[in-house]
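Colleague: Have a look; sequence and predicted model below, questions after that.
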Amino acid sequence: MGTESPGRVEQHTIYQIPLDQRHGTWKDLFTIWFGSNIMMLTIVTGALASSVFKLDFMSSCLSIIVGNLAGAVFMALHSAQGPQLGVPQMVQTRGQFGTIGAVLVVAIVIIMYVGFLASNIVLGGQSLHTIAGGIDEHVLIVFIAVVSVIATIFGHDLIHAYARFLTWASGFALLLTFVWIVAIHGLPGNFMAMNKFNGAGFFSMVSVGALWQIAYAPYVSDYSRYMPHDTGAKQAFWASYWGCSLGSILPMILGAMLGLVAANGDPVGGLTTFTGVAAIPIVIIFSVGIAGTNAMNLYCGVLSTITLVHTFVPSWKAGATARAVTAIVITLIGLAIALFAAGNFLTNYTNFILLLLYVLVPWTAINLVDFYLVRHGDYDVAAFFTAEGGVYGRFNKSAIFCYILGILIQLPFVSTDLYTGPIAKALDGVDLSWIVGIAVISPIYYFMARKASSHLAAAE
């Protein structure tokens with residue numbers, strides 16, 4: 001059995017982790033998802049409930065809790081796949097879509113990683129700027145990017161070690177923030193009467209919370225693939241579920257609070273204003289947390305990019321150098337976006353995460369149904385790395401059909417600033433698209449996959 005080596009550059013990329021190099025316990029899955037979520041971006045996301053969707057505090061809290069607990073089910077089910085297969089999630093996606101068919105999903109996921117990378121870089125720089133006003137914001141944004149790429153180059157073990165540190169540091173900073181705002185600074189006397197419940201806002205925030213969790217699905221098993229094979233699906237599931245749920249819900253509730261009381265609903269500025277002399281260590285810890293989460297996004301974006309290139313050059317054996325070079329290139333792209341989007345960040349970010357929901361939902365439905373209900377976790381991993389895809393082929397028409405259908409079927413239920421579907425309009429702006437996508441695509445793919453398996457068995 002292997003041992004963790006945070007100070008050594010990881011040599012593996014997209015290939016299956018040998019059993020004698022597996023290491024870690026279920027506790028590592030809890031800390032990586034708990035620690036990495038307590039950061040400024042999570043706080044800003046929670047602020048959407050009160051500042052954008054205009055919910056009162058209690059409604060904000062309930063929508064945040066419901067959305068995250070629901071979405072984390074899918075996230076944790078993906079995490080439980082890692083110890084069994086030992087490969088990154090996007091490589092495993094070839095088992096459902098085929099080697100070429102998976103390209104569409106992998107490309108979309110890379111765009112997602114770059115988007116979150118840019119979002120985190122902006123927030124990290126803006127957060128540090130609130131306590132270091134004498135330093136140009138762009139310089140601080142670059143600083144966050146540099147810290148992120150260094151952690152990515154060292155890889156898996158350093159990121160896990162970093163998350164364990166953040167579990168304690170960010171957890172303490174979060175507790176201190178709540179105590180300082182509520183007990184020392186104090187909330188306005190009319191705090192509980194600010195804003196009010198509205199159905200469209202409530203269900204929109206539930207969707208945002210669910211997406212926050214589902215957005216981890218394309219790479220959650222990247223951080224469980226080193227776990228020993230006997231870690232067990234149940235342990236991996238619950239450790240990831242509660243780590244990610246609690247790590248997301250608590251800072252989002254803080255964000256909802258700040259969205260109500262901060263000037264212009266700005267949670268970043270409000271955090272500094274309401275925590276007084278404690279603002280400097282709190283903001284530094286949350287900003288450092290952003291760099292850690294950025295490293296996670298970047299690491300998985302690199303693995304997905306290598307997976308994409310490997311599809312067309314299957315003889316390529318990517319190692320640590322390829323991962324480092326790819327990380328630098330992706331960071332430069334994310335940095336360029338960050339510097340361009342910083343001025344209108346909140347609006348851009350809201351639209352971005354809502355659009356992500358529609359393309360991730362059908363993929364997660366297909367992947368989970370195939371893994372748990374069709375193949376029961378039994379995959380030919382070696383076939384993932386062949387040009388023709390082995391038993392999975394180059395294209396799986398059923399999966400591709402269901403994926404595209406899953407996106408299209410959500411459109412009437414979509415409710416965003418960019419587009420609102422007819423059913424969403426009839427429901428006064430309530431967005432139920434992700435629920436419809438999962439509920440419809442899961443059974444359709446199941447029956448199509450079972451039918452294809454029956455035909456294959458009959459042919460043999």
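Modeller: Here it is on my side, so go on.
Colleague: Now residue 420. Its backbone dihedrals?
Modeller: phi -130, psi 120 (degrees, to the nearest 10).
Colleague: State the pLDDT value of it.
Modeller: Note for residue 420: predicted pLDDT of 86.
Colleague: cool, and the one 10 residues further on?
Modeller: We have a pLDDT of 83 for residue 430.
Colleague: Give me the neighbour count for it.
Modeller: 21 (other Cβ atoms under 10 Å). C-beta: built from backbone N, CA, C; applies to glycine.
Colleague: Residue 414 is in contact with that one, correct?
Modeller: No: counting by Cβ atoms under 8 Å, residue 430 stays clear of residue 414, with 10.9 Å between them.
Colleague: any shared contact partners between these two?
Modeller: Listed as contacting both residue 430 and residue 414 by Cβ atoms under 8 Å, 6 or more residues apart in numbering are residue 424.
Colleague: In the chain, what helix or strand scores lowest on average pLDDT?
Modeller: helix 345-368 (a mean of 76; mean pLDDT, DSSP states H and E).
Colleague: Which strands or helices does the following helix or strand past it pack on?
Modeller: Next along the chain after helix 345-368, taking DSSP states H and E as the criterion, comes helix 397-410. Packing contacts for helix 397-410, counted by 3 or more Cβ pairs under 8 Å, 6 or more residues apart in numbering; DSSP states H and E, involve helix 94-97, helix 102-131, helix 345-368, helix 433-459.
Colleague: comparing those helices, which gets the lowest mean pLDDT score?
Modeller: Among these, helix 345-368 scores lowest, with a mean of 76.
Colleague: who's in contact with residue 430?
Modeller: 199, 200, 203, 204, 415, 424.
Colleague: Could you pick out the buried ones from the residues you listed?
Modeller: 200, 203, 204, 415, 424 (16 or more other Cβ atoms under 10 Å).
Colleague: host element of the residue nearest the centre of the chain?
Modeller: Central residue of the chain (Cα atoms, centre = their mean): residue 216, 3.0 Å from the mean position. Secondary structure from DSSP H and E places residue 216 outside every helix and strand.
Colleague: Please report phi then psi for it.
Modeller: Dihedral angles of residue 216 (phi, psi; degrees, to the nearest 10) stand at phi -80, psi -20.
Colleague: what's the spacing between the longest helix along the chain and its chain's center?
Modeller: Using DSSP state H, we find that the single longest helix of the chain is helix 279-312. Put simply, helix 279-312 sits 10 Å off its chain's centre (Cα atoms, centre = their mean, to the nearest Å).
Colleague: Sort out which residues of that helix are buried, please.
Modeller: 279, 282-308, 310-311.
Colleague: just stretch 166-182 next, same as before
Modeller: For stretch 166-182, by 16+ other Cβ under 10 Å, it's 166, 167, 169, 170, 171, 173, 174, 176, 177, 180, 181.
Colleague: Ok, stretch 396-410 next?
Modeller: Here stretch 396-410 shows 396, 398, 399, 400, 402, 403, 405, 406, 407, 409, 410 as buried, counting by 16+ other Cβ under 10 Å.
Colleague: who touches it?
Modeller: So stretch 396-410 is contacted by 96-98, 101, 104-105, 358-359, 361-363, 365-366, 370, 433-434, 436-437, 440-441, 444-445, 448-449, 452 (Cβ under 8 Å, 6+ apart).
Colleague: ok, the closest residue in space to residue 308 that isn't next to it in sequence - contacts?
Modeller: The shortest distance from residue 308 to any non-neighbouring residue, by Cβ to Cβ, 6 or more residues apart in numbering, is to residue 106 (5.0 Å). Neighbour list for residue 106: 90, 93, 304, 307, 308, 311 [criterion: Cβ under 8 Å, 6+ apart].
Colleague: Kindly recompute the last result at 7 Å.
Modeller: Counting by Cβ atoms under 7 Å, 6 or more residues apart in numbering, residue 106 touches 90, 93, 304, 307, 308.
Colleague: Please apply the same query to residue 29.
Modeller: 79, 224, 236, 239, 240, 243.
Colleague: per-residue confidence for it?
Modeller: On the pLDDT scale, residue 29 gets 93.
Colleague: ok, now the one 10 residues further on?
Modeller: Turning to residue 39, the model gives it a pLDDT of 86.
Colleague: Tabulate the contacts of residue 29 in CSV, adding columns for secondary structure, neighbour count and distance to residue 20.
Modeller: Listed next are these as CSV, based on DSSP: H, G, I helix; E, B strand; the rest coil; neighbours: other Cβ atoms under 10 Å; distance: Cβ to Cβ, whole Å:
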residue, secondary structure, neighbour count, distance to residue 20
79, helix, 33, 22
224, coil, 28, 18
236, helix, 25, 20
239, helix, 26, 23
240, helix, 30, 24
243, helix, 28, 27
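Colleague: just the buried ones among the contacts of residue 430 now: which is nearest residue 122?
Modeller: Using Cβ to Cβ, residue 204 is the member of the buried ones among the contacts of residue 430 that lies nearest residue 122, at 22.5 Å.
Colleague: Quote the end-to-end distance of stretch 309-318.
Modeller: 10 Å (Cα to Cα, to the nearest Å).
Colleague: what sits up against that stretch?
Modeller: Taking Cβ under 7 Å, 6+ apart as the rule, stretch 309-318 contacts 13, 14, 99, 100, 103, 306, 385, 386, 387.
Colleague: Would you check which pair of those residues lies furthest apart?
Modeller: The widest separation within the contacts of stretch 309-318 (Cβ to Cβ) is 20.2 Å, between 13 and 100.
Colleague: Which parts of the stretch 1-150 of the chain are helices?
Modeller: Along the stretch 1-150 of the chain, counting by DSSP state H, counting those that start in this stretch, helices occupy 26-37, 40-51, 57-79, 82-85, 89-92, 94-97, 102-131, 137-154.
Colleague: Could you export those as a markdown table, including distance to residue 337?
Modeller: Putting the helices of the stretch 1-150 of the chain into a markdown table (distance: least, Cβ to Cβ, whole Å) gives the following:
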| stretch | distance to residue 337 |
| --- | --- |
| helix 26-37 | 21 |
| helix 40-51 | 15 |
| helix 57-79 | 25 |
| helix 82-85 | 29 |
| helix 89-92 | 21 |
| helix 94-97 | 27 |
| helix 102-131 | 4 |
| helix 137-154 | 11 |
